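# prediction below, plus the sequence it came from.
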Amino acid sequence: MKKHRDLISILKAKNLRLTPARRGLIQYILDHKDKQLSLLEITRFLETTVDGVNRSSVYRNLELLKKLDIIQELNLPKKGKRFQYIFDKEVHHFYICKTCGKASRGNKVLFGRIEKALKDVHEFSKANLSMVFYGYCERCKR
């Protein structure tokens, strides 16, 4: 099993144990870091690979990883909740179409503008921004 040293260091710094379920979850997320994973996909994988794992323990670990800014939860129309790895990605905000559910990753230009506005208006700098915008894609707004 490959390890991501930074993620393990974060857990250790917070005095959190690296349980078999947590280790399996982190590895699964790292192996699928470019996908938006459903709770069902994650749970099925962990239930088949780690003894004693159930849906509630998976969800508790997902909540922990969200609080640590390792993953982001997206609520995609017609697809439901999805979880996406964000830990070492510079920009991790999304535009999600409320009609078709298409999710598009944000870009550095917009991130820079939002960060500048935060600094100008609220004197808040060095933001590690993670946001989800809901609206309508070009195709659906016609």
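Nice, thanks for sending it over.
# okay, L39: pLDDT?
Looking at L39, its pLDDT is 93.
# just say helix, strand or coil for the closest residue to it other than its chain neighbours.
Sequence neighbours aside, K81 is the residue nearest to L39 in space, at 6.1 Å (criterion: Cβ to Cβ, 6 or more residues apart in numbering). Every C-beta, even on glycine, is put in place using the N, C-alpha and C of the backbone. State at K81, reduced to three classes by DSSP: H, G, I helix; E, B strand; the rest coil: strand.
# pretty sure K81 contacts Q72?
No: the criterion here is Cβ atoms under 8 Å, and K81 misses it with Q72 at 10.9 Å.
# what are the ranges of the helices in the protein?
5-13, 20-31, 39-49, 55-67, 108-122, 138-141 (DSSP state H).
# T19 and A13, how far apart?
Distance, T19 to A13, by Cβ to Cβ, to the nearest Å: 16 Å.
# who has more neighbours out of K81 and Q72?
Ranked by neighbour count (other Cβ atoms under 10 Å), K81 and Q72 place Q72 first, with 21 against 15.
# quick check: closest non-adjacent residue to that one.
Q72's closest residue in space is I86 (Cβ to Cβ, 6+ apart), at 4.6 Å.
# could you report the pLDDT at that neighbour?
For I86, the model assigns a pLDDT of 85.
# among the helices of the chain, which is the most enclosed?
Most buried of those by mean neighbour count (mean count of other Cβ atoms under 10 Å) is helix 20-31; its value is a mean of 19.
# low-confidence ranges in the protein?
1-3, 90-92, 126-130 (pLDDT under 70).
# which residue ranges make up the domains of the chain?
The record's domain parsing of the chain by automatic domain parsing lists 1-88, 90-142.
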